[in-house]
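S.K.: quick one: sequence and predicted model below, then my questions.
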Amino acid sequence: MKKLGIMALAIVGFTTGAHAAPTSDTASARATLIVKKKIHITKVKDLEFGEAYQGDAADTVAPADSAGRNAEFKVTGREGGVFTIDLPDNGTVIMTTGDGTTADKQVAVQDFVSNFGGDGATATIAGDTALFVGATRAAIADEQQDGEYQASFDVTVAYQ
C-alpha cells in the first residue's frame, strides 16, 4: 500500500506542478518628437510715403523701391521652410490725422505687395530672409487736411 500511496503522490505532484501557457505579452515602443524652429517676423523699417500736397495723384511704393521707402521685415525660422505671406486687404488700412473721423482726415492705403508677390505668396526661409512690402496710397484730395497721417498694418507669415 505504501507503494501505491507514493505513486499517487507522484502523479498528483506532477499534474499540479505543470504551468499553463501565458495569456499576455509585452512589447516596447519609443515616443519620438521632432522640434522645429518656429517662424518669426520682425519689422526692420516702416512703409514711408514721404510728403504730398493737396491735389497730388496716388503714389505707389514698390517692394523694391530704390529710394528705400518700402517697409522691410526680417523672417527667420526653419532653414528651407516654406511660408506664406498674408498682406492687408484693400479697405483695411486708412492713414488718419487728428481725430480721423472725416474723409478729409483720411488717406487709404491699398494694393499691398511683397518682393515675393501679392497676398498669399510663398517664400522659402534662407537664414534671415528679407521681406519687402510696398503699397499704393490714394490720391490726395484738394480739401485734404494738412498734417501727419499714419496707420498700422500687419504682415503675417506662416509655415505652409
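M.R.: Structure's in. What do you need? Numbers count the residues shown, from 1 in each chain.
S.K.: where in this protein is pLDDT low?
M.R.: Using pLDDT under 70 as the threshold, the predicted model of the chain has low-confidence ranges 1-20.
S.K.: just the helices in it please.
M.R.: Defined through DSSP state H, the helices belonging to the chain, from first to last, are 2-16.
S.K.: can you show me the strands along the chain?
M.R.: Secondary structure of the chain by DSSP state E: the strands cover 40-45, 59-61, 71-76, 82-86, 93-96, 106-114, 122-124, 129-137, 156-159.
S.K.: between these, which one is closest to Thr26.
M.R.: Ranking the strands of the chain by distance to Thr26, with C-beta to C-beta as the measure, places strand 156-159 first at 38.6 Å. Just so you know, the C-beta spots here come from the backbone N, C-alpha and C atoms, and that holds for glycine as well.
S.K.: could you redo the strands of the chain as TSV and give each row distance to Tyr149 and mean neighbour count?
M.R.: What follows is the strands of the chain, written out as TSV (distance: least, C-beta to C-beta, whole Å; neighbours: other C-beta atoms under 10 Å):
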stretch	distance to Tyr149	mean neighbour count
strand 40-45	18	13
strand 59-61	12	18
strand 71-76	16	18
strand 82-86	24	18
strand 93-96	4	18
strand 106-114	5	20
strand 122-124	30	14
strand 129-137	9	20
strand 156-159	24	14
